[in-house]
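Chemist: Take a look and give me a structure for this.
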Amino acid sequence: MKTFAIASSLLLITRIAFGQIDATRDGFILSFDTKIIRNALHSAVAEMETVHETTGNSIRRVSKTTVYRDAEGRTRREFKVGTDEPWITIVDPVAGVRYSFGANGRSATRTPIEPPPGSHPYEKFEEVASDGRIARERSIEGLECDEKRTTTVYPMNSIGDSSPLRVVTEEWFSPDLQVLLLTLRDDPRIWKTTYRLTNIDRRAPAPSLFQPPAGVAIEEVKPRR
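Modeler: Below you'll find the model as predicted:
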């Protein structure tokens, strides 16, 4: 049961930061921003912090991703895993393709995606617990936010614990940019997670950011779910 809880929390964190995961013949690739969100252009830095508390010890991990979105809904994300070179993913839901490549690489993969027709905003928050609530209560980096707080209580012995467990999730969503600006999740089974969008710039990113570098070899990849 604990393994399942860890896997579920990892999936949640991945979806907060990236979106869905696709499988290809070469392994797994991240797939995100496949919805067309027009006229919400910006650039920002997405910070993910996880803290795992154990007896007499605390493990803290921090990762940062630079994100861009243009007026037509194209996105670019630059992130780094460990000591590897930065990895870049460009999603063009208008053309229906995704590019993935290393910052120092000479090749890139191009994968078809299936964007929905028209402009689809982020789904409305839905109540998922008895104490869930939605309220416009704060501003983050000058943007008004819709807040949602959900508490899930696991009874004693439901997952092998000797006392009830309380998992609290708070989310602040920007209707203007159609993105989560801040997410806090306190799960005593695993860790505390904080995701926040910082250094938000509403100016238009350079068009060249949404194309693979000139001269790189493009490999066509077919996704499978």
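
Chemist: number of nearby residues for residue 47?
Modeler: By other C-beta atoms under 10 Å, 16 other residues sit near residue 47. Where C-beta positions appear, they are placed from N, C-alpha and C, glycine not excepted.

Chemist: pretty sure it contacts residue 64?
Modeler: Yes - checked against C-beta atoms under 8 Å, the pair residue 47 and residue 64 is within contact range at 5.4 Å.

Chemist: how many neighbours does residue 35 have?
Modeler: 19.

Chemist: Wasn't it part of a helix?
Modeler: No - the assignment for residue 35, made by DSSP: H, G, I helix; E, B strand; the rest coil, is coil rather than a helix.

Chemist: how close does it sit to residue 103?
Modeler: 26 Å (C-beta to C-beta, to the nearest Å).

Chemist: How about residue 97?
Modeler: 19 Å.

Chemist: Please identify which of those two sits among more neighbours.
Modeler: residue 97 (16 against 12).

Chemist: Can you pull the phi/psi pair for that one?
Modeler: Backbone torsions for residue 97, taken as degrees, to the nearest 10, come to phi -140, psi 160.

Chemist: That one against residue 114, yeah?
Modeler: No - under the criterion of C-beta under 8 Å, residue 97 is not in contact with residue 114, lying 10.7 Å apart.

Chemist: Quick check: which ranges of this structure have low pLDDT?
Modeler: Low-confidence segments of the chain (pLDDT under 70): 1-34, 81-83, 115-137, 156-162, 223-225.

Chemist: Could you pull out the helices in this protein for me?
Modeler: With DSSP state H, the ranges of helices along the chain come out as 2-17.

Chemist: and residue 197, what does it touch?
Modeler: 44, 45, 46, 47, 67, 140, 141, 179, 180, 181, 182 (C-beta atoms under 8 Å, 6 or more residues apart in numbering).

Chemist: So how do I select the buried members of those in ChimeraX?
Modeler: Remark: buried members of the contacts of residue 197, expressed as a ChimeraX selection using 16 or more other C-beta atoms under 10 Å:
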select :44,46,47,67,141,179,180,181,182
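
Chemist: Relative to residue 218, which of the contacts of residue 197 is nearest.
Modeler: residue 67 (22.9 Å; C-beta to C-beta).

Chemist: tell me the contacts of the closest one?
Modeler: Applying C-beta under 8 Å, 6+ apart, the residues contacting residue 67 are 43, 44, 45, 46, 75, 76, 77, 78, 197.
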